[in-house]
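In: what follows is a predicted structure for the sequence shown.
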Amino acid sequence: KAGVTQTPRYLIKTRGQQVTLSCSPISGHRSVSWYQQTPGQGLQFLFEYFSETQRNKGNFPGRFSGRQFSNSRSEMNVSTLELGDSALYLCASSFGQGARGNEQFFGPGTRLTVL
Amino acid sequence: LAKTTQPISMDSYEGQEVNITCSHNNIATNDYITWYQQFPSQGPRFIIQGYKTKVTNEVASLFIPADRKSSTLSLPRVSLSDTAVYYCLVGDTGNEKLTFGTGTRLTIIP
């Protein structure tokens, strides 16, 4: 089985722009979670989706949003980019109804740099 | 939101047993404790998961005391390839948000 794929792998944007990141889960997985990783804050939970429904959301401003499609693929969007949004954005999929209690399989991440 | 803390770094020699502890005093009652390993430029990789007492698989053991406010990942007979950052992951009580630990950078010395 192919692993979790994320596109693009690298992205450079300027302040004020918006960005959309994509995640394709492992085939058969219906749960997708997103995380932000920075040297200062570590790994932080962004959102979790199951069957196109957002089940949980982390403590991030409304500029961060996401969605999941009927084929379980997911996208996250960040609007009005700030310098502090520079980070590695990781997507993970799991077989069960969510990340809790289930093994998560992570993609390689999208490295976003905001100038 | 309580912080889930780990030692920043640890060093160990090849062949030794390594124990990494995670403090999660605000863990949700019904939540699991999961540990992940991360190499540079890669996403985290699942190691082991447990709810209480002890869990063992082919690569690690996980020890969880009765109060579940901490957990210890045990790696037997480490090798150079175990050099990585290790994270615990728990659900926070009250808001059910998943919280990663601060991460422990493990360096194995030949």
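Out: Structure received. Numbering: from 1, shown residues only, chains lettered A, B, ... in the order given.
In: so what pairs up with whichever residue of chain A sits closest to chain B in the strands?
Out: Nearest to chain B in chain A, going by Cβ to the nearest Cβ, is A:Phe106, at a distance of 2.9 Å. Where C-beta positions appear, they are placed from N, C-alpha and C, glycine not excepted. Counting by DSSP bridges, A:Phe106 is bridged to A:Ala92.
In: shouldn't it be in contact with B:Gln37?
Out: No - between A:Phe106 and B:Gln37 there is no contact under Cβ atoms under 8 Å: 10.6 Å.
In: so what sits against both of those two?
Out: Common neighbours of A:Phe106 and B:Gln37, using Cβ atoms under 8 Å, 6 or more residues apart in numbering or on different chains, are B:Pro44, B:Arg45.
In: contacting residues for the residue nearest in space to the middle of chain A?
Out: In chain A, the residue lying closest to the centroid (Cα atoms, centre = their mean) is A:Trp34, at 3.2 Å. Counting by Cβ under 8 Å, 6+ apart, A:Trp34 touches A:Cys23, A:Phe45, A:Leu46, A:Phe47, A:Glu48, A:Gly66, A:Ser74, A:Met76, A:Tyr89, A:Leu90, A:Cys91, A:Ala92.
In: look up how far A:Glu75 lies from it.
Out: 10 Å (Cβ to Cβ, to the nearest Å).
In: which residues do the two both contact?
Out: Shared contacts of A:Trp34 and A:Glu75, defined by Cβ under 8 Å, 6+ apart, comprise A:Cys23, A:Gly66.
In: most surrounded residue in the contacts of A:Trp34?
Out: A:Cys91 (30 neighbours; other Cβ atoms under 10 Å in any protein chain shown).
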